[in-house]
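Novice: could you work out the structure for the sequence below:
(chains A and B)
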Number of protein chains: 2
Amino acid sequence: MIRLYNARILTMRDNEPLFEGEIWVEDSRIVYVGETPAPLKAPEQGFEKEIDCEGNLLMPGFKNAHTHSAMTFLRSSADDMPLASWLNEQVFPYEAKLTPEDIYSLSRVAILEYLTSGITAAMEMYLTPVTIAKAFQDAGMRLVQVGGVNNFSQSPELLEEWYTGLNGKNALTSFELGFHAEYTCSHELIKKLADLAHKYKAPVFTHISETAGEVEGCIERYGMTPVAFLASEGMFDYGGAGYHLVHTTQDDIRIMKEKGISAVTNPGSNTKLASGIAPVGDYLRNGIMVGIGTDGPASNNCLDMFREMFLVTGLAKLREKDASAVPAADVLKMAASDGAKIMRIPDADCLAEGKLADIILLDLKQPNMQPINNIPCNIVYSGSKLNVMMTMVGGKVLYENRCGEQIFNVGEECAEIYRDAQRIRDRILG
Amino acid sequence: MIRLYNARILTMRDNEPLFEGEIWVEDSRIVYVGETPAPLKAPEQGFEKEIDCEGNLLMPGFKNAHTHSAMTFLRSSADDMPLASWLNEQVFPYEAKLTPEDIYSLSRVAILEYLTSGITAAMEMYLTPVTIAKAFQDAGMRLVQVGGVNNFSQSPELLEEWYTGLNGKNALTSFELGFHAEYTCSHELIKKLADLAHKYKAPVFTHISETAGEVEGCIERYGMTPVAFLASEGMFDYGGAGYHLVHTTQDDIRIMKEKGISAVTNPGSNTKLASGIAPVGDYLRNGIMVGIGTDGPASNNCLDMFREMFLVTGLAKLREKDASAVPAADVLKMAASDGAKIMRIPDADCLAEGKLADIILLDLKQPNMQPINNIPCNIVYSGSKLNVMMTMVGGKVLYENRCGEQIFNVGEECAEIYRDAQRIRDRILG
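Specialist: Down below sits the predicted model:
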């Protein structure tokens, strides 16, 4: 059993205020969260490990609700380009050269970065789910994958195989139905995917309404917006979520509410690719659940939940011309709690007895947190990777940056992971 | 003499490409930048210090071209509010309670944060220039102050006293003419300030056109935009710079070019206060020099040049609906080089023999920099405080975060600086 003591604790359970106390972790779960002294008896043989948090903050880890981890190999290789030419000229041709083993290695670089940013789980869409699952399992990192079916890669048959084969095998990884996007799938393919959703009574996850051009194209093809079209095909009869959802109408929002479609916003990527600002404030006012994703490292380019959190609130403020739009508490709830619900890992949504021990320790003694006024606000508006002292997933400390050392505990040295990734990058990009 | 070797070097001198080599520093200046082995002879008694950069990146430090450092005490105390009510209800009443010694102590917290973000010089506007200069000098940090004269505090007489008294005394600190803003100064006061600019043939620095409301008010008062009005009063007959410059017209831009008025953009603050997106692309296309500022920690809330750099390009892309707008190389030039020119510390604009040794070392072995594709792009799009391994100002290492230790070398322990700031915050805000 591990004891984390002398901490400030933000449980994110309902609206529980921050308090001082400790957390006990047994195997992958939390067994106590509360004040010191704990009413429970310490284990007779003593704690396996006791971590003095020195007054710093324990909270649930961040959930990166949309990413393409292995795209690390394209990071900063094709910046300052619009989405369509970026995809067709700089992404698809190079992705065609990736092997499943490459994707294993490249995903591992992203996992290291997630850990430095306090991210404890990622919702992933990429090419080779089997090697991606292995990359996350080997590192000890939590993963929810979704299919990325489209006209050119994957298929409904493969999707079904993964859905039935990659669930229930490992406590860290799961798989959900998903496809790339309306604009990369034929009508026939979309019908088959909706059939799978009905067969398994399962939610579906996909990119929707990322750019204005995508929405226009869909209206030309089907006379409807992507949200309306996909819903009309029965795709979301068991819920799901849309990634991006930048260009939506009031009618789209009505449909999202009716069907239980959550929104995963990706402000870093939408900004860098000039896609636009998502109406996150409208989603919240209409009771739609919102999560936050970094998107892949080729379009963002970093995997940093602190940047994303600032952008979620900042861009909402600019869009609504209202500095009170989407306040910090709402953003923190998206990043730490609602992302878990959207990813269907509800046991990772807060710190409480019986919940998963996906916990981060944030350094309040860095200058960006001083003096202390309002800690939750400060995390959203001022937080940085430099504040992450520890990232624990399923009760295991995967990352530490404290007491004078940066340690990754992911089964392999960083230098090896970097070397593999560089070799792949050099082979493919030359 | 200090030797920094085994480094990648980005000098920011003209368009010099990145190369591998070393830098020698003597006292406050650079004496050699180039390949290894250096053609110079090493000092007979050996180097005072040799720093192995382990293949990481040396570049000029970032220039924070607009800030109000001591506002750390209000950080995260009044978020999610628009500018006018924020200023009148949450800032001015509390600022009235600050002593000059408080401002000394509160500025020191900001200096620590600048160092963690690779910022080597700040352009400051606040209440008590004498104690602010002392705070920066005691820490070894470079500072350019500007006056903040308005109807309620400071005066043309004080401004002149500081301008003549605070220059030429210390190699680290200087003082320029400045005032708070058109909307906080009477017409009579503005005339007196313009007279000073003429008397000293000096540039002037001030907040201009931060919000749409400010511009409307000025048009009501004088029938002109703030840029046009101030220029018509002769305020910028010797150049200067405007902070923010979010809401400007084509005519304003013509005047800026004619008068040599530079723009200091503050995207974090403009985003958080919902002020708008500055037309940075228009400034660049019209040959107007642009620098980047964090603004004060009460409106941003963090002092992080990495966040600001991403926002400068990201917001320009959104504003222009063009992913190629204001590319990374332009942003890096603003942050590291043009900021120095605007702040009138031209010897801090690049790494070259005879230039000031204001140098940072960025860690390329953090996961956000891997694999290596394009290093300058990656700094702008993916960089973080976690990448700052060393910040050197005037030849002195003020901050290190490497080899397993985070060390601030600013003449006092962080814990002491934090304690002072917290006491002041608690006294004033309760």
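
Novice: near chain B, which residues of the stretch 101-250 of chain A?
Specialist: Within reach of chain B by C-beta under 8 Å from any C-beta of the partner chain, the stretch 101-250 of chain A has these residues: A:Val109, A:Ala110, A:Leu112, A:Glu113, A:Thr116. Heads up, the C-betas are built off the backbone N, CA and C, glycines and all.

Novice: can you tell me which of those end up in helices?
Specialist: Members of these lying in helices (criterion: DSSP state H): A:Val109, A:Ala110, A:Leu112, A:Glu113, A:Thr116.

Novice: so who does the third one touch?
Specialist: By C-beta atoms under 8 Å, 6 or more residues apart in numbering or on different chains, the contact set of A:Leu112 is A:Phe408, A:Val410, A:Cys414, A:Ile417, B:Pro367, B:Gln370.

Novice: I'd like to know which of these is nearest to B:Glu20.
Specialist: Of all the contacts of A:Leu112, B:Gln370 has the smallest distance to B:Glu20: 18.0 Å, by C-beta to C-beta.

Novice: and the residue nearest to the closest one when sequence neighbours are not counted, what helix or strand is that in?
Specialist: Closest residue in space to B:Gln370, ignoring its immediate chain neighbours: A:Tyr418 at 4.8 Å, by C-beta to C-beta, 6 or more residues apart in numbering or on different chains. In the assignment (DSSP states H and E), A:Tyr418 maps to helix A:414-429.

Novice: other SSEs contacting that helix?
Specialist: Other helices and strands packing on helix A:414-429, by 3 or more C-beta pairs under 8 Å, 6 or more residues apart in numbering or on different chains; DSSP states H and E, are helix A:100-116.

Novice: helices of the stretch 1-150 of chain A, residue ranges please.
Specialist: Assigned by DSSP state H, counting those that start in this stretch, the stretch 1-150 of chain A shows helices spanning A:83-85, A:92-95, A:100-116, A:129-139.

Novice: for the contacts of A:Leu112, which two are the farthest from each other?
Specialist: Farthest pair in the contacts of A:Leu112 (C-beta to C-beta) is A:Val410 and B:Gln370. Separation: 13.9 Å.

Novice: the more surrounded of the two?
Specialist: B:Gln370 (27 against 22; other C-beta atoms under 10 Å in any protein chain shown).

Novice: residues in contact with the more buried one?
Specialist: B:Gln370 neighbours (C-beta under 8 Å, 6+ apart): A:Thr72, A:Val109, A:Leu112, A:Ile417, A:Tyr418, A:Ala421, A:Gln422, B:Leu364.

Novice: give me the buried subset of those.
Specialist: Among the contacts of B:Gln370, the ones that count as buried by 16 or more other C-beta atoms under 10 Å in any protein chain shown are A:Thr72, A:Val109, A:Leu112, A:Ile417, A:Tyr418, A:Ala421, A:Gln422, B:Leu364.

Novice: can you redo those as JSON lines with pLDDT and distance to B:Pro129?
Specialist: Shown next, in JSON lines, are those (pLDDT from 0 to 100; distance: C-beta to C-beta, whole Å):
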{"residue": "A:Thr72", "pLDDT": "96", "distance to B:Pro129": "47"}
{"residue": "A:Val109", "pLDDT": "98", "distance to B:Pro129": "47"}
{"residue": "A:Leu112", "pLDDT": "98", "distance to B:Pro129": "45"}
{"residue": "A:Ile417", "pLDDT": "97", "distance to B:Pro129": "50"}
{"residue": "A:Tyr418", "pLDDT": "97", "distance to B:Pro129": "47"}
{"residue": "A:Ala421", "pLDDT": "97", "distance to B:Pro129": "50"}
{"residue": "A:Gln422", "pLDDT": "97", "distance to B:Pro129": "49"}
{"residue": "B:Leu364", "pLDDT": "97", "distance to B:Pro129": "39"}
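
Novice: sounds good, over and out.
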